Every structure is written in C-alpha cells, then in structure tokens.
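1. Let's see this in three dimensions:
(one chain, ligands or ions: 2)
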Amino acid sequence: MSKPPVKLRSAAWFGTADKNGFMYRSWMKNQGIPDHEFQGKPIIGICNTWSELTPCNAHFRKLAEHVKRGILEAGGFPVEFPVFSNGESNLRPTAMLTRNLASMDVEESIRGNPIDGVVLLVGCDKTTPALLMGAASCDVPAIVVTGGPMLNGKLNGKNIGSGTAVWQLSEQVKAGTISINDFLAAEAGHARSAGTCNTMGTASTMACMAESLGVSLPHNAAIPAVDARRQVLAHLSGSRIVEMVNEGLTLSKLLTREAFENAIRTNAAIGGSTNAVIHLKAIAGRIGVDLQLDDWTSVGHGTPTLVDLLPSGRFLMEEFYYAGGLPGVLRRLGEAGLLPHPNALTANGKSIWDNVKDAAIHDEEVIRPLTKPLVPDGSIRVLRGNLAPNGAVLKPSAASAHLLKHRGRAVVFESLEHYKERIVDPDLDITADSVMVLKNCGPRGYPGMAEVGNMGLPPKLLAQGVTDMVRISDARMSGTAYGTVVLHVAPEARAGGPLAVVQEGDWIELDAETGRLHLDVTDEELAARLVAWAAVQQVDPADATGYRHLYVKHVMQADQGCDFDFLVGCRGAAVPRHSH
Ligand code: FES
Ligand code: MG
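-> Ligands and ions are numbered 1, 2, ... in the order given. As a prediction, this is how the structure comes out:
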C-alpha cells in the first residue's frame, strides 16, 4: 500500500480537534462511520451519473459498489455522490444543452467537499466530457470508469447497432421496403442489456478518447457493461485512484497536449464521432491545453480507420472487445509510427506504449491491419470557406466517396420544423445532386446544438434508391449516424454566420480533400444579405430567463468547444473558507 502525501486535502475538514473538525466529522458519522476512518485515509469521491432517466447509466449503483471495494482494499475512504446526469435518449431539446451545467455541478461538488481524488462514473455521451471538464477545472487526481457498451442488438436473428439501426430502419419505412410494424418490432432487441450504445457512437468514442488520453485503465472503453470484467476494472480503478492520490498524480499530468494529439489520431483510427471534436476542445480548455480545430487536420491527417464498427463499418462494441479492444488499435498505431506520443503518461503510472505494446489482436476483420484499412485516411476533415469562416467538420469514414467533392444547388430549411414540413412534400424541387442546408440548429439557435445534422433524405428520393446526399448545417450529428454530412458550421446561423443567408437555389461547393466549403455568391452580395438579415433579428422570449438565458448568453461556438466563456480554465482545488 502506497503512503499518502504529507497533507491530504480532506484534512482541512476532518483533521482538526476543534469546533470545525467536530462539525465536519459528526454529521458524517450519522452514516455509521467509525472515528478511525477520519484519521488520514484518502477520501475518494465516486462521482456518479446514475439515473433511471439515463438508461445507459442505470446500472451504475452496482458498478459503484465494485469501485468502493477497490477503494477500501487500497486503504481509501469512498464517498459516492450524484451529479446531473445527461441522458442522451430522453433529454429534450438535447442533452448537449446541459453538458456545461453538469460540468459545473461536478466542479463545485469536488472543490467544495472533502475529496482527495475522484472516480468519474460515466457512460452516456455527454456524461464523459461533462465529468472530465468539471474535474479538469479542479485538477485533482481523477480516473474514468466507463459503464461499458450494451450487448449487440438483435433483430430477426441478426445484429443491429444502437442508433444506426434507427436511422436505417426509419429510412426503409419511408422508402416503403419495410412496414411500420416491422420497424416498431425492432425496439425491444435494439437495446437489450445494460450499457451505452454498442456502435462507435459518441459514448463509445468518448470512452476511447478517455482511454487514449490516459485517464482510465487499459480496456476501459470496450468491455461490455454486463461482462464481469467491467466490474473487475471498476474494482481495480478504485484501488488505483487511492495510489494516484498518494502519488499526487493529478489530471494535468495526464491531460497534456501530447495526450490530446494521441486522442486525435485514435479518433481517426476508430472511426469516431464528430462530437469528439467539440468535447476534446472543451476538456482541453478546462485544463489549459491549447487545442485548435485545425489540429484535427495537422495532427490527424493520414490516419487510417482500422476499426470496422458501425456506423462506418460492420461490427459492434462486443466484437471490438473480443478482438482486442482499444489496446489492440493503439498497438497497431504505435507500430506504424502513428501514435505521436508513445511516452504519454497514463492513470496506471505507465506510458501509453507500455500499456499496449504487447496487446493481443484476435480478429483482424474487426481491428484491421494497416494494409487493409476501412478508410485510408479517416481523420475528421476541417472545412473552411465563406460559408464557414471559423470552420466546419465532416467525417469521411461515414461519408460517400463520390460526394466528397461536390457542387450542388441549395435546398434551404430555416429550422428543424421547416425541414420536417418541407421534406415530405412530393413537389419539393430537389434531386440527388441538391445540397440540403439546415439553419438555426447551432449552440444558440436550437439552443444546444442538437444532433439533427444528418437530416433524413426526401422520401421520394429514397424510393428511387438514393442513399446519400450532401447535407450542411450548424448542428451536430449522432455518433451513430452516417452520410456526407457537413456539421458544426461556425459561426452558426443564429450568431450571424453566413449560413444564415444561404438562399434556395444558391450554388454550394464542397471539397473535403482541400477543406473547402464555398457559397457561390460574391463578397458584396454576401455582405448585403447579412446586413438585411441583421436588421430583422429579434430576441427569442424563451431565451430571456432561466438556464436557457445563461446558456445562449455564454455558450461559445462549435470551434471553441461550446463551453461557457466563463468556465474556460483550471481553477484548481484550493480548500474554500469554512462554512461556519
Ligand atoms: Fe446513451 Fe447512446 S443514448 S449512449
Ligand atoms: Mg448522441
């Protein structure tokens, strides 16, 4: 057992034989805690996003018990506490609206309480960045324990993937190839065990990001939620965080610029979600690492996608774990010289390369060799041009090769509701070559930047067999979605970005290779349209009060990670003044 550092943070609460120490200890003792527990044991917070409204994290009370066993075994004192739980499937208008709120909850819970180190229990998409953001702003020792993916979905004896099946099957209903009854029958087998989405959606992506950033133990990303080895990992993480406190291994020693560069490469290799671009930027901002949108190009370019998972490829997270999980992928990258910083430190005290250099790969269909990549260059493309002066992104592994360079006429939707109303119109003037443009779905516009960028195609074109079209918006898209979809256009329409003034019939040019996104109107015309646009803008009364007021006033644009401007930075975990 390692020795604690000279002074534990929690000693400022529990370490004095006076009125203050009495108060802090005495109320805790109503939980049946004996006196010796307060005599200098590291106090480990278990930051739990358990909620029955976040079904992906609904098994976390059980998981927390295993974390506790590990903490106790290593001589720590576990204290479990709840934080706001961002459940992707239920929260409206989008769980992204409350990611920053949750991060504030985490940050203030850690700083205000007698906590020496923290285990972050995360799973569903936004819970991972929210907890890492909050903990990073405190810079305490922290370790991520992910809840793990669901077992493979099943429909008629075949595998179906979380989310991806919903997009696919709903298009099939619209194309008339399956009935609504068949569609509804898929519900029960689609999410049939505890855990997060089993595709390489945002939850799995962020779990891989945490592992590649070095803030979890190896294999944290892929072990299925219901596999006993997930509970073992939780136990071992509980033991490890006690040692991390004793070693003074705080988050800033792990979340370095080097770690983020490793993560960017990893995202390309796994065919990860575009949401990672926003979340990594927000986490980096909290710990004080300079990460820019263009780093996704300069660092990531040329990285092959090796993991053959839906939505880009064929398999699901279960197969990914059995094939070797993320350590197998990192080993492949490292051997090819594509892991930029093999010496980056990780939570277990070893370098990332030490952790993975002997990793086994059991299935080369799932974790492909470099000679047979799923996509030769799977790095997220950053696009710029007069339509996105501050950038936009596209995920090539989920796009159609023939559309990556495209010129087409805009069909414009002013809002999601406008899109839903127009898209079913059989007389809509739209062809497979048109470019679908959706506005007012960005951070301020929606608000919360909903995952609506992968607009479904017009039913009449689906019935003709069209499977993909270029789509452009200031929205995000689910990590489980696919298509040639340009996302995160910045500035967004509501903030007066040029997207706001695209008109029906305008020509738009996309070139993913050169990173160009161009609206084919003159600079003078564009400027005049923006002046006319600004003249008619009004404040939405719904933005005037409540959390939404705080959100639209302070949220930054997608290229800045959609954090609140006032939350950027590490404020540390100095012990606050006494409460009485
Ligand atoms: Fe929770 Fe996908 S909806 S992980
Ligand atoms: Mg999602």
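
2. which regions of the stretch 51-200 of the chain lie under the pLDDT threshold?
-> Applying pLDDT under 70 to the stretch 51-200 of the chain flags no residue at all.

3. just the strands in it please.
-> Per DSSP state E, counting those that start in this stretch, the stretch 51-200 of the chain carries strands over the ranges 77-82, 117-122, 142-146, 153-155, 158-160.

4. Turn those into CSV, columns for distance to residue 363 and mean neighbour count.
-> Yep, even glycine has a C-beta here, placed from its N, CA and C like the rest. Putting those into CSV (distance: least, C-beta to C-beta, whole Å; neighbours: other C-beta atoms under 10 Å) gives the following:
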stretch, distance to residue 363, mean neighbour count
strand 77-82, 37, 19
strand 117-122, 27, 30
strand 142-146, 22, 30
strand 153-155, 19, 18
strand 158-160, 15, 17
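
5. need those in TSV with distance to ligand 2, can you?
-> Below are the strands of the stretch 51-200 of the chain laid out as TSV (distance: least, C-beta to the ion, whole Å):
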stretch	distance to ligand 2
strand 77-82	22
strand 117-122	14
strand 142-146	15
strand 153-155	16
strand 158-160	17
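
6. Quick one, which of those gets closest to residue 286.
-> The closest of the strands of the stretch 51-200 of the chain to residue 286 is strand 142-146. By C-beta to C-beta, the value is 11.8 Å.

7. which other helices and strands contact the longest helix anywhere in the chain?
-> In the chain, assigned by DSSP state H, the helix with the most residues is helix 228-247. Contacts defined by 3 or more C-beta pairs under 8 Å, 6 or more residues apart in numbering; DSSP states H and E place helix 228-247 against strand 43-48, helix 60-73, strand 117-122, strand 142-146.

8. Adjacent strands (with direction) for the first one?
-> When pairs are called by DSSP bridges, strand 43-48 turns out to pair with strand 77-82 (parallel), strand 117-122 (parallel).

9. how about those in JSON lines, adding distance to residue 67?
-> Formatted as JSON lines, these follow (distance: least, C-beta to C-beta, whole Å):
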{"stretch": "strand 77-82", "distance to residue 67": "7"}
{"stretch": "strand 117-122", "distance to residue 67": "5"}
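
10. Bridged to the residue nearest to residue 347 when sequence neighbours are not counted, which residues?
-> Counting by C-beta to C-beta, 6 or more residues apart in numbering, residue 347 lies nearest to residue 143, which is 5.0 Å off, once chain neighbours are set aside. Beta-bridge partners for residue 143, by DSSP bridges, are residue 119.

11. Just give me the neighbour total for the residue of the stretch 301-450 of the chain found nearest ligand 1.
-> Going by C-beta to the nearest ligand atom, ligand 1 is nearest to residue 317 of the stretch 301-450 of the chain, at 10.6 Å. Counted by other C-beta atoms under 10 Å, the residues lying close to residue 317 total 34.

12. Find the nearest non-adjacent residue to it, please.
-> Closest residue to residue 317 apart from its sequence neighbours, by C-beta to C-beta, 6+ apart: residue 149 at 3.6 Å.

13. quick one: that neighbour from residue 190, how far?
-> Distance, residue 149 to residue 190, using C-beta to C-beta, to the nearest Å: 13 Å.

14. higher neighbour count, these two?
-> Between residue 149 and residue 190, counting by other C-beta under 10 Å, residue 149 is the more crowded of the two (34 against 21).

15. re the thing from before, so the residue nearest to residue 347 makes contact with residue 213?
-> No - Residue 143 is beyond contact range of residue 213, at 11.5 Å (criterion: C-beta atoms under 8 Å).

16. Surely residue 459 and residue 175 touch.
-> Yes - under the criterion of C-beta under 8 Å, residue 459 makes contact with residue 175 at 7.2 Å.

17. Flag every residue of the chain that's near ligand 1.
-> Residues of the chain found near ligand 1 (C-beta under 6 Å from any ligand atom) are 56, 88, 89, 124, 125, 162, 196, 197, 201, 203.

18. what's the neighbour count on the third one?
-> Right, the one you point to is residue 89. Residue 89: 15 neighbours (other C-beta under 10 Å).

19. who touches it in this structure?
-> Counting by C-beta atoms under 8 Å, 6 or more residues apart in numbering, residue 89 touches 55, 56, 124.

20. Distance to ligand 2 and neighbour count for those residues - can I get that in JSON lines?
-> Shown next, in JSON lines, are these (distance: C-beta to the ion, whole Å; neighbours: other C-beta atoms under 10 Å):
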{"residue": "55", "distance to ligand 2": "13", "neighbour count": "19"}
{"residue": "56", "distance to ligand 2": "10", "neighbour count": "29"}
{"residue": "124", "distance to ligand 2": "8", "neighbour count": "28"}
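
21. how close does residue 556 get to ligand 1?
-> 25 Å (C-beta to the nearest ligand atom, to the nearest Å).

22. residues touching that residue, list them.
-> By C-beta under 8 Å, 6+ apart, the neighbours of residue 556 are 443, 562, 563, 564, 565.

23. And for residue 289?
-> So residue 289 contacts 255, 256, 257, 260 (C-beta under 8 Å, 6+ apart).

24. Can you tell me which of these has the most neighbours?
-> That'd be residue 255 among the contacts of residue 289, by other C-beta under 10 Å, with 28 neighbours.

25. what's the burial count for the closest residue to ligand 1 within the stretch 451-580 of the chain?
-> Ranked by C-beta to the nearest ligand atom, the top residue of the stretch 451-580 of the chain for proximity to ligand 1 is residue 480, at 7.0 Å. Other residues near residue 480 come to 28 when the count uses other C-beta under 10 Å.

26. Alright, I will stop here.
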